[in-house]
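**Student:** the sequence and its predicted three-dimensional model are supplied below.
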Amino acid sequence: MAFNKRVKIKNVLQQDLIGQEITLMGWVRTKRSNKNVSFIALNDGSILTNYQVVADPALIAEETLKRCSTGACLKIQGTVVASQGSGQQSELHARSIEVLGDADPEKYPLQPKKHSLEFLREIAHLRMRTNTFGAVFRVRHALAYAVHTYFHTKGFFYIHTPIITASDAEGAGETFKVTTLDLNRPPKKEDGSIDYSKDFFERETNLTVSGQLEGELAAMALSEIYTFGPTFRAENSNTTRHLAEFWMIEPEMAFYDAEDNQNLAEDFLKFIIRYALEHCAEDLAFLDQRAAEEEQSKPTEQRAELGLLDKLHFVVNNDFVRLSYTEAIDILRNSNHNKKKKFSYLIESWGTDLQSEHERYLVEKHFKKPVILTDYPKEIKAFYMRQNEDGKTVAAMDILFPGIGEIIGGSQREERLDKLTQRMKEMHIPEKELWWYLDTRRFGATPHAGFGLGFERMVQFVTGMGNIRDVIAFPRTPGNAEF
């Protein structure tokens, strides 16, 4: 059948192929017919735009045309001609149509009408065939490519850190256990606890929550590395911001301090957003229009001030404001929003862990620019963050974006062995489980830093989708592992 000789619709639309004989393959979005002609809108996923195919009943059998219903997969051979209608410069006049796969119009769920996102999540195996999800996943691809492009051009090395690990980098304990033991009859120790020495790895293991700790090991040899892989949190959360399986981008850099870390993170975010704006213009224009329609359905006081494209340009075109957590607390505590009790979580004292509403207030209301917050209280941050000389704060940073709040979290890492082990004791993290991590402080320690970017949160920001479950192909959330 020589499938590889097909031409993608994207190439037909971007090249002058008028007069040429070509083969298109794709899925029917819509078909309209009269006794003289049938018009088929074909899409192959290479681009948002459908391509019009004109089928003459004198050339194409009536039975074949009947099978060209929405959802059917077709192979069409014909001639590219100048389009007589508006909206497209060319169209394909079909010489032959082969139905590669039928789609019963009585049963196919994606008929040409508006479907709710909730309904489409229930048929996630088909939802990528819609305009919205086709656009989202093309943008997701472009962002992933931009991530690798950015770090490669900066001389970073891509490291694959383990998915199965015995450590919990965040110390939160919200991990998925990995085991081959018979859960109905697990081996027990004399004290009644499970004997993990009989397990596959001969110890207790779990799916990773972060590649950071292993990434630091690599940075101590290669200087600048990044990880980009799946991570897992067994957090029983059903919000629009959380997934149980998600992807993390985590660069780690030797010889970087906190300021170097902030500079890299800002430059990185601007690069990948700029890349999407340049390479996904049609998809982003469609998603911008979709987001605008969604905003119109909300009460006026709940509507976003910036449209999607405006928001993306807002980030790319502004220098990020940098201020300390202490300065941010003063701004928030003294704000009219706080005084009039418009925050769900009122800011009363230093040491409060900031919520998304506080982060967004700083970005959207106070500074009207993206914000980098630094020097958080050590009590609300992880054990590996470098302690500042004041004894109260650590060299942490969070980058805050409009509409979403925190997009990146990072820090200069604690390279001093005595400070690190003392902090681990305070947080009840056993040294014996992280002996290998501590070795990087024993042998050739150096100042170093890094950050983490949740990829789905980034895709959500760039596409304007309101729910994080709509920017990953097959979301894993509490009670949901269907596809």
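**Tutor:** Alright, I've got the coordinates.

**Student:** how is the chain partitioned into domains?
**Tutor:** 3-110, 129-174+209-470 (automatic domain parsing).

**Student:** for Lys198, which of those is the nearest?
**Tutor:** Closest approach to Lys198 among the domains of the chain (C-beta to C-beta): domain 129-174+209-470, 15.7 Å. (C-beta placed from N, C-alpha, C; glycine too.)

**Student:** now do the same end-to-end measure for that closest one.
**Tutor:** Taking C-alpha to C-alpha, to the nearest Å, domain 129-174+209-470 runs 13 Å from one end to the other.

**Student:** chain center to that domain: distance?
**Tutor:** Offset of domain 129-174+209-470 from its chain centre (C-alpha atoms, centre = their mean, to the nearest Å): 12 Å.

**Student:** picking up where we left off before, deepest of the domains of the chain, which one?
**Tutor:** Mean neighbour count (mean count of other C-beta atoms under 10 Å) peaks for domain 129-174+209-470 among the domains of the chain, with a mean of 18.

**Student:** and the residue in the chain sticking out farthest from the centre, its phi and psi?
**Tutor:** The centre of the chain is farthest from one residue, Ala58, which by C-alpha atoms, centre = their mean lies 48.9 Å away. Per-residue torsions, Ala58: phi -70, psi -20 (degrees, to the nearest 10).

**Student:** against Thr130, how distant is the residue nearest to the spatial centre of the chain?
**Tutor:** Centroid check for the chain by C-alpha atoms, centre = their mean gives Glu456 as the closest residue, at 1.8 Å. Noted for Glu456: a distance of 19 Å to Thr130, by C-beta to C-beta, to the nearest Å.

**Student:** for this structure, what spans make up the helices?
**Tutor:** 9-14, 62-67, 117-122, 131-153, 212-222, 258-279, 281-296, 308-317, 325-333, 336-339, 356-360, 417-426, 435-442, 455-463 (DSSP state H).

**Student:** mind listing residues that contact the longest one?
**Tutor:** Right, helix 131-153. With C-beta atoms under 8 Å, 6 or more residues apart in numbering as the test, helix 131-153 has contacts from 43, 45, 48, 117, 120, 127-128, 158, 226, 228, 249, 251, 268, 271-272, 275-276, 279-280, 283-284, 286-287, 290, 455, 458-459, 462-463, 465, 470-471, 473.

**Student:** could you redo the last one with a cut-off of 6 Å?
**Tutor:** Identification of contacts with helix 131-153 by C-beta atoms under 6 Å, 6 or more residues apart in numbering yields 45, 48, 127-128, 226, 249, 268, 271-272, 275-276, 279-280, 283, 286-287, 459, 463, 471.

**Student:** residue contacts, the residue lying closest to His448 once chain neighbours are set aside?
**Tutor:** Distances taken as C-beta to C-beta, 6 or more residues apart in numbering put Ala254 closest to His448, at 4.7 Å, once the chain neighbours are dropped. If you count contacts by C-beta under 6 Å, 6+ apart, Ala254 has them with Ala219, Ser223, Thr446, His448.

**Student:** you'd agree His358 is up against Ile331?
**Tutor:** No. In this structure His358 lies outside contact range of Ile331 using C-beta atoms under 6 Å: 9.6 Å.

**Student:** got a list of what Phe455 touches?
**Tutor:** Counting by C-beta under 6 Å, 6+ apart, Phe455 touches Trp247, Ile249.

**Student:** redo the domains of the chain as JSON lines? Include mean pLDDT and distance to Pro478.
**Tutor:** Output for these, formatted as JSON lines (pLDDT from 0 to 100; distance: least, C-beta to C-beta, whole Å):
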{"stretch": "domain 3-110", "mean pLDDT": "94", "distance to Pro478": "25"}
{"stretch": "domain 129-174+209-470", "mean pLDDT": "95", "distance to Pro478": "5"}
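
**Student:** phi first, then psi, for the residue nearest to Gly71 when sequence neighbours are not counted.
**Tutor:** Closest residue in space to Gly71, ignoring its immediate chain neighbours: Ala103 at 3.1 Å, by C-beta to C-beta, 6+ apart. The phi/psi pair for Ala103 (degrees, to the nearest 10) reads phi -140, psi 100.

**Student:** does Ala103 really touch Cys68, like I thought?
**Tutor:** No. Under the criterion of C-beta under 6 Å, Ala103 is not in contact with Cys68, lying 9.7 Å apart.

**Student:** identify the contacts common to the two.
**Tutor:** Here Ala103 and Cys68 share no contacting residue, scored by C-beta under 6 Å, 6+ apart.

**Student:** check the gap between the nearest residue to Pro112 once chain neighbours are set aside and Glu359 for me.
**Tutor:** Distance criterion C-beta to C-beta, 6+ apart; nearest residue to Pro112, sequence neighbours excluded, is Thr30 at 4.9 Å. Thr30 sits 43 Å away from Glu359, taking C-beta to C-beta as the criterion.

**Student:** same deal with Gln296?
**Tutor:** As judged by C-beta to C-beta, Gln296 and Glu359 stand 26 Å apart.
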